[in-house]
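Chemist: how would this look folded up:
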Amino acid sequence: MRYVSCSGIGGTPIDNWLRTSLAVMAMALNTAVHVPVLLCVALVKVVLPSAGIRKALNHALMAIAESWIAVNSSLLRALTRIDFVVTADASLHSDGHYLVLANHQSWVDIPVLQLILNRRIPLLRFFLKQQLIWVPLLGLAWWALDFPFMKRYSREVLARHPQLAGRDVEATRRACEKFRNIPVSIMNFVEGTRFTPAKHQQQDSPFSHLLKPRAGGVAFVLSAMGETLHAILDVTIAYPQGRPGMADLFGDRIPAVHVHLRELPIPPDLLAGDYQNDAAYRDRFQAWINTLWEQKDARLATLVAAAPAVAGNPRPVAPVNASSNKRCS
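Modeler: Numbers count the residues shown, from 1 in each chain. Modelled structure (predicted):
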């Protein structure tokens, strides 16, 4: 499947400063409208003991979150002229159970993923650093939606306090247990951080466009709930005109985003294993991740090399002729 999302403002381009101000204010207003409703429903869910009511409230929470994301995505389409060019070798299901793996280049990756995947697969849930719970409004919203918060310990801290070893793994298991019986998309930026040339050089990464993949988090998710996941969704994000920042997104300085989606089966031999203590399993798992990353690196090179210099005028996502990558509908 191949489609192009072309959305935009039409007519004379709005001044960048005015467009940025409008986008930020509109998204802040959207957050201020949706998050209090989200928190009220979440608090009711916490108080009520009935499993049936809690399940119904979970559906309500997902609907509110998807509405919040949909409004933000509509604002992006209305206030920018980004071409979202998406190719997909996948059948997406809103009631599926996915492990979503992606490269990570910019904070822009998150709104791009939400725009492309919202209501096509279950709500994306990210593993977040525990301190992010204090982000105004958003931290409480992530808590209400059962985003897993992780407290990671440095080697220095673990050396001083060895009793903390394994707590981050146990937190991963507890978070995943919540998702065993509901449609879910567990999101993992496998590199663990955003790509920069400095980090690439510091790591001496063997990949041209990627940092080294970190297999541990993926292994823990598969160990905790692999049998309930039906597929891996491998996502490759490319910015042909260079890695942008959020200011570039709101300032309409991103001509195009190219995204490739690939659905993969979960290797049965990776579903059960002790990543921490079984060296043979750890080596096998790391080799599998490295192979995925080699394929992703080649795909990124292709996406960047094949991308034309565009100055799009996007409209909502819609299927287009598989032989064309420029038609909008």
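
Chemist: what residue in this protein is the furthest from its centre?
Modeler: residue 160 (34.1 Å; Cα atoms, centre = their mean).

Chemist: residue 202 versus that residue, what's the distance?
Modeler: For residue 160, the distance to residue 202 (Cβ to Cβ, to the nearest Å) stands at 25 Å. C-beta here means a position set from N, CA and C on the backbone, and glycine is covered the same way.

Chemist: on that earlier part again, quick one: the residue farthest from the centre of the chain and residue 170, what's the gap?
Modeler: 20 Å.

Chemist: likewise residue 74?
Modeler: Taken as Cβ to Cβ, the span from residue 74 to residue 170 is 40 Å.

Chemist: so which of those two has more stuff around it?
Modeler: Higher neighbour count among residue 74 and residue 170: residue 74, with 15 against 10, using other Cβ atoms under 10 Å.

Chemist: what comes up buried for the one helix or strand residue 36 maps to?
Modeler: Using DSSP states H and E, residue 36 sits in helix 16-47. Buried residues in helix 16-47, counting neighbours by 16 or more other Cβ atoms under 10 Å, are found at 19-20, 23, 26-27, 30-31, 34-35, 38-39, 41-42, 45.

Chemist: do stretch 125-134 as well
Modeler: Within stretch 125-134, the residues scored as buried using 16+ other Cβ under 10 Å are 125, 126, 127, 128.

Chemist: let me know the closest of those to residue 180.
Modeler: Of all the buried residues of stretch 125-134, residue 125 has the smallest distance to residue 180: 13.2 Å, by Cβ to Cβ.

Chemist: for that closest one, list each beta-bridge partner.
Modeler: Here residue 125 sits in beta bridges with residue 186, going by DSSP bridges.

Chemist: just checking, residue 41 touches residue 65?
Modeler: No. Counting by Cβ atoms under 8 Å, residue 65 is not a contact partner of residue 41; they are 10.3 Å apart.

Chemist: ok so, going back, from residue 132, how far out is the residue farthest from the centre of the chain?
Modeler: 24 Å.

Chemist: also residue 20?
Modeler: 24 Å.

Chemist: residue 236 too?
Modeler: 26 Å.

Chemist: shaky segments in this protein?
Modeler: Applying pLDDT under 70 to the chain flags residues 1-16, 151-155, 157-159, 161, 163-169, 171-172, 307-329.

Chemist: so which residues of this protein form strands?
Modeler: With DSSP state E as the criterion, the chain has strands at 2-6, 83-89, 97-102, 124-126, 128-129, 149-150, 184-189, 231-238, 256-264, 318-319.

Chemist: just put those strands in a markdown table and tack on distance to residue 272.
Modeler: Formatted as a markdown table, these follow (distance: least, Cβ to Cβ, whole Å):
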| stretch | distance to residue 272 |
| --- | --- |
| strand 2-6 | 37 |
| strand 83-89 | 27 |
| strand 97-102 | 15 |
| strand 124-126 | 23 |
| strand 128-129 | 27 |
| strand 149-150 | 23 |
| strand 184-189 | 18 |
| strand 231-238 | 16 |
| strand 256-264 | 18 |
| strand 318-319 | 39 |
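
Chemist: thanks again, I'm all set now.
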